[in-house]
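>>> Give the three-dimensional model of this entry:
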Amino acid sequence: MGIRRIAAVTALLLAAAGAHPQVAPPTGEQSYLAHCAKCHQRDGEGIVGQYPGLVGKPQLWEERGRAIRTLLSGRDRPEINRNVMPTHGYLGNEIIASTLSYALARWGAGGRPFTTEE
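As a prediction, this is how the structure comes out:
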């Protein structure tokens, strides 16, 4: 049996057995860029009157639970911004924790990273 045939048979057997290669979850930065940067911008500055910035706003990080709830449930503050922040609970705890940890390290006052248990 040639090497190509062995590889093909092995792939078929793994597929039939339900084996899937492990894919690493995205980093906090990758997740931020994919899910947050469109509104909050790559630099975290937001768009005045449209989407809030994350830079220089320590109040965003004072209550960690509020930051988590905002990502899970979204936010609507028409008196501040014209647009509603959608829910991101579908991302799951690991991605939410890494995304918040990235934003905290980049634009917050630092501190311990967010965890999936929070």
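>>> Just confirm residue 47 contacts residue 37, I think it does.
No: applying CB atoms under 8 Å, one finds residue 47 not in contact with residue 37, separated by 11.5 Å. Where C-beta positions appear, they are placed from N, C-alpha and C, glycine not excepted.
>>> low-scoring stretches of the protein, by residue?
Scanning the chain for pLDDT under 70 picks out the ranges 1-21.
>>> Which positions within stretch 110-118 qualify as buried?
For stretch 110-118, the neighbour count (16 or more other CB atoms under 10 Å) marks residue 114 as buried.
>>> Excluding covalently adjacent residues, which one is nearest to residue 58?
residue 109 (5.5 Å; CB to CB, 6 or more residues apart in numbering).
>>> What of residue 34?
Excluding the flanking residues, the one nearest residue 34 by CB to CB, 6+ apart is residue 26, at 6.9 Å.
>>> and the closest residue to residue 111 other than its chain neighbours, how many neighbours?
Of all residues not flanking residue 111 in the chain, residue 104 sits nearest, at 6.1 Å (CB to CB, 6+ apart). By other CB atoms under 10 Å, 21 other residues sit near residue 104.
>>> Which residues does the host helix or strand of residue 104 contact?
Using DSSP states H and E, residue 104 maps to helix 93-107. Defining contact as CB atoms under 8 Å, 6 or more residues apart in numbering, one finds that helix 93-107 is touched by 25-29, 31-32, 35-36, 44, 54-57, 61, 67-68, 71-72, 88-89, 91, 110-111, 113-116, 118.
>>> Which ones among those map onto helices?
28, 29, 31, 32, 35, 61, 67, 68, 71, 72 (DSSP state H).
>>> quick check, nearest of the residues you listed to residue 84?
Distance to residue 84 across these (CB to CB) is lowest for residue 71, with 13.6 Å.
>>> With residue 26 as the reference, measure out to that closest one.
Residue 71 sits 15 Å away from residue 26, going by CB to CB, to the nearest Å.
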